[in-house]
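A.B. asks: model the structure of this input:
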Amino acid sequence: MAIYLDCNATTPLEPAVLTLVNRFMEREYGNAASPIHDFGAFARMATEHARGQIASLVAARRDEVIFTSGATEANNLALLGLVQHGLATGRRHLITTAIEHKAVLEPLAEMERLGFTLERLPVDASGRLEPRRLATALRPDTLLVSTMQINNETGASQPLAELALLLAAHAAFWHVDGAQGFGKQIEPLTDQRIDFVSISGHKIYGPKGIGALIARKRDGAFPPLTPLMFGGGQEQGLRPGTLPVPLIAGLGEAAKLAQRDHATRADRCRAFRQRLLKALEPLAPVLNGDQQWVLPHTVNLSLPGIPSDRAITALKGLVAVSSTSACTSHTRTPSHVLTAMGLGEQRIETSIRLSWCHLTPEPDWEAILTTLHGLRDQ
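C.D. replies: A predicted model of the protein is given here:
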């Protein structure tokens, strides 16, 4: 069976998370909105406990955690939820970067269609936003700045601390897509200047179909979001529908374990990375992005002379890898992230992304190397 090296697309479930999810699926199946009996009361208690576990990981308040179906919905709620406020106040200027996930770029494009002005800031070959570009782009009518924490294709962390300083005296709302960094890079998301953080359970060894938007209060007031769906008033009136208690409990458990085991996981991933790069050294791979900023569980590299589609196909019996974001892997378009970094066509066409975790078993590096050597010799 192939070894899974595509953890940036989705992660395996932690055994403890799976056990807890099954418990709430099989035995504790009450509705959190029906606390009139023990089943409902326990479901509500479990939901609020998970909310606290998630809030703790980002130094937020429990009531600032809004459950969603995942980071994509959280992104949409944070961005499109500000449309009415922006129209009412005349603040219609938006800022983002060229390397954001499609789950951010597409809602922002919809806001652009509705009459907002969207400024997409470039990045350099490191894969990072230069903070001075944000300083130059900010205007009095800037409503929103949206930047990611960790890039899903390169693993490069963005300079959130520097951006926070630039935004300290500005009224713009700041949204951070934390899908790839939540639970893996702890401190940046605790910055109280960040108004919104989007997270997803299946990126931190939790279940699919659950995520959250952390919406921090300013001076005791919630951000002026308008809901995208109606019919129930749950989650501060922003996200109606029956709460998926098993998934929420699983996300809470995953957040707890991430906070507890963060350092150990990072050490294991760092050691795995060293073995991976050593094994592939004979192929003279070219690493994409400035590696000093890349988290230890990801590497994006180009293998000269080996097109990525051929490499992925040839390796599928040994390891599962990818070449772009999971949401665009079905298309033939080049990576918009690597393109934004200014990489050449050949380098992009030979790039692959490998991402792993603390649960990843050791692949057969010799067989991988032999397979890739064979492709280059053809």
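
A.B. asks: hmm, Pro240 is touching Met229, no?
C.D. replies: Yes. Between Pro240 and Met229 a contact is recorded at 5.6 Å, counting by Cβ atoms under 8 Å. The C-beta positions use only the backbone N, C-alpha and C, and glycine is treated the same way.

A.B. asks: tell me which of these two has more neighbours.
C.D. replies: Pro240 (14 against 11; other Cβ atoms under 10 Å).

A.B. asks: tell me the pLDDT at the closest residue in space to that one that isn't next to it in sequence?
C.D. replies: Leaving aside its chain neighbours, Pro240 sits nearest to Gly232 (3.4 Å; criterion: Cβ to Cβ, 6 or more residues apart in numbering). For Gly232, the pLDDT comes out at 80.

A.B. asks: ok, Gly232 - contacts?
C.D. replies: Pro240, Gly241, Thr242 (Cβ atoms under 8 Å, 6 or more residues apart in numbering).

A.B. asks: now tabulate those residues in TSV and tack on pLDDT.
C.D. replies: Listed next are these as TSV, based on pLDDT from 0 to 100:
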residue	pLDDT
Pro240	91
Gly241	92
Thr242	92
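
A.B. asks: so where's this protein uncertain?
C.D. replies: Along the chain, the model assigns pLDDT under 70 to residues 325-332, 377-378.

A.B. asks: the lengthiest helix in it: how far from the chain's middle?
C.D. replies: What stands out as the longest helix in the chain, according to DSSP state H, is helix 245-280. Computed by Cα atoms, centre = their mean, to the nearest Å, the chain-centroid distance of helix 245-280 equals 14 Å.

A.B. asks: output the contacting helices and strands for it.
C.D. replies: Judged by 3 or more Cβ pairs under 8 Å, 6 or more residues apart in numbering; DSSP states H and E, helix 245-280 is in contact with helix 15-26, helix 38-57, strand 298-302, helix 365-377.

A.B. asks: which of the ones you listed sits most buried?
C.D. replies: strand 298-302 (a mean of 24; mean count of other Cβ atoms under 10 Å).

A.B. asks: buried residues in the next helix or strand after that strand?
C.D. replies: Past strand 298-302, further along toward the C-terminus, the next helix or strand under DSSP states H and E is helix 308-315. Buried positions in helix 308-315, judged by neighbour count with 16 or more other Cβ atoms under 10 Å: Ser308, Ala311, Ile312, Ala314, Leu315.

A.B. asks: now render the residues you listed as a markdown table, adding distance to Thr350.
C.D. replies: Output for those, formatted as a markdown table (distance: Cβ to Cβ, whole Å):
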| residue | distance to Thr350 |
| --- | --- |
| Ser308 | 6 |
| Ala311 | 8 |
| Ile312 | 11 |
| Ala314 | 13 |
| Leu315 | 14 |
